[in-house]
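In: give me the fold of what follows.
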Amino acid sequence: PGPILQNGGPVVFNKDLKLKGSSSVIKGGTKVKNIRLNFESDHNLDCKVDGIGAMGLKSEFVKKA
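Out: Numbers count the residues shown, from 1 in each chain. Alright, predicted model coming up:
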């Protein structure tokens with residue numbers, strides 16, 4: 001297990017991530033602030049990405065910043 005993620009904390013994408021239903025790609029290394037943990041969904045992080053908007057993420061695609 002890696003570092004523990006917390007509500008309000010920052011994360012960084014660890015690889016390029018293509019958005020489902022869109023031609024947009026979030027580049028690896030993009031930093032996201034103020035995440036919210038969500039244990040009721042398979043996408044266990046909620047956040048807002050600059051230029052993209054609100055989205056749900058799986059924790060396997062990010063690392064603690």
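
In: next, name the residue at the spatial heart of this structure.
Out: Among the residues of the chain, the one closest to the centroid is Leu57, at 4.6 Å (CA atoms, centre = their mean).

In: burial of Asp42, as a residue count?
Out: Number of residues near Asp42 (other CB atoms under 10 Å) recorded here: 7. To be clear about C-beta, it is placed using only N, CA and C from the backbone, and glycine gets the same treatment.

In: ok, now which ones touch it?
Out: Contacts for Asp42 (CB atoms under 8 Å, 6 or more residues apart in numbering) come out as Lys58.

In: can you pull the phi/psi pair for the closest residue to Ala54 other than its chain neighbours?
Out: Among residues not flanking Ala54 along the chain, Lys48 sits closest, at 5.1 Å (CB to CB, 6 or more residues apart in numbering). With angles defined as degrees, to the nearest 10, Lys48 sits at phi -120, psi 130.

In: strands along this structure, start to end?
Out: Along the chain, the segments classed as strands by DSSP state E run 11-13, 17-18, 25-26, 31-32, 36-37, 45-49, 53-57, 62-64.

In: could you give the average pLDDT over the last one?
Out: When pLDDT is averaged over strand 62-64, the result is 94.

In: ok, now the second one?
Out: The average of the pLDDT scores along strand 17-18 is 94.

In: for it, which strands pair with it and how are they oriented?
Out: Here strand 17-18 is paired, per DSSP bridges, with strand 25-26 (antiparallel).

In: now the partner strand, how far from the centre of its chain.
Out: Remark: strand 25-26 is offset 11 Å from the chain centroid, using CA atoms, centre = their mean, to the nearest Å.

In: hmm, back to that, quick check: the residue nearest to the centre of the chain touching His43?
Out: Yes: applying CB atoms under 8 Å, one finds Leu57 in contact with His43, separated by 5.8 Å.

In: picking up where we left off before, confidence score at the residue nearest to Ala54?
Out: pLDDT recorded at Lys48 is 94.

In: for it, list the residues it contacts.
Out: The neighbourhood of Lys48, defined by CB under 8 Å, 6+ apart, consists of 32, 34, 54-55.

In: many thanks, have a good one.
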